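All I have is the shape, not the residue letters:
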């Protein structure tokens, strides 16, 4: 069984390695097409659940926009 790893970048996104999909706050599944994806944690990305760099210009953080899920099999 392979694993999914999440690295939280200080004041930045979550770098997710090995996920099959990312589930957004509304429960919608977003398939991943890359080995590493950046998931927004500031809650202000225009491309949610993906990070668009908005965290670099905001000072207050909102709740995370997504959770990560790996399904094997």
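Here it is on my side, so go on. It should be emphasised that the depicted structure is a prediction, and the values quoted were computed from it without experimental measurement.

Tell me how many other residues crowd the closest residue to residue 46 other than its chain neighbours.
Once flanking residues are discounted, residue 46 sits nearest to residue 52: 5.5 Å by Cβ to Cβ, 6 or more residues apart in numbering. Glycine gets a C-beta too; all of them are placed from N, C-alpha and C. Neighbourhood size, residue 52 [other Cβ atoms under 10 Å]: 15.

Distance-wise, check residue 52 relative to residue 24.
Spatial separation of residue 52 from residue 24 under the definition Cβ to Cβ, to the nearest Å is 14 Å.

Also residue 45?
Counting by Cβ to Cβ, the gap from residue 45 to residue 24 is 11 Å.

Among the two, which residue is more densely surrounded?
The neighbour comparison of residue 45 against residue 24 (other Cβ under 10 Å) goes to residue 45, with 20 against 17.

correct me, but residue 22 touches residue 13?
No: taking contacts as Cβ atoms under 8 Å, residue 22 lies outside contact range of residue 13: 11.3 Å.

returning to what we had before: you'd agree the residue nearest to residue 46 is in a helix?
No: secondary structure assignment places residue 52 outside any helix; it is coil (DSSP: H, G, I helix; E, B strand; the rest coil).

and the gap between it and residue 34?
Here residue 52 is placed at a distance of 15 Å from residue 34 (Cβ to Cβ).

just residue 15 next, same as before
Noted for residue 15: a distance of 11 Å to residue 34, by Cβ to Cβ.

Tell me which of the two has more neighbours.
A side-by-side neighbour count of residue 15 and residue 34, using other Cβ under 10 Å, places residue 15 first with 15 against 9.

remind me which residues of the protein are low pLDDT?
Per-residue confidence for the chain (pLDDT under 70) gives these ranges: 1-2, 59-73.

repeat that with 90
Low-confidence segments of the chain, defined by pLDDT under 90, span residues 1-3, 10-11, 24-26, 42-43, 55-73.
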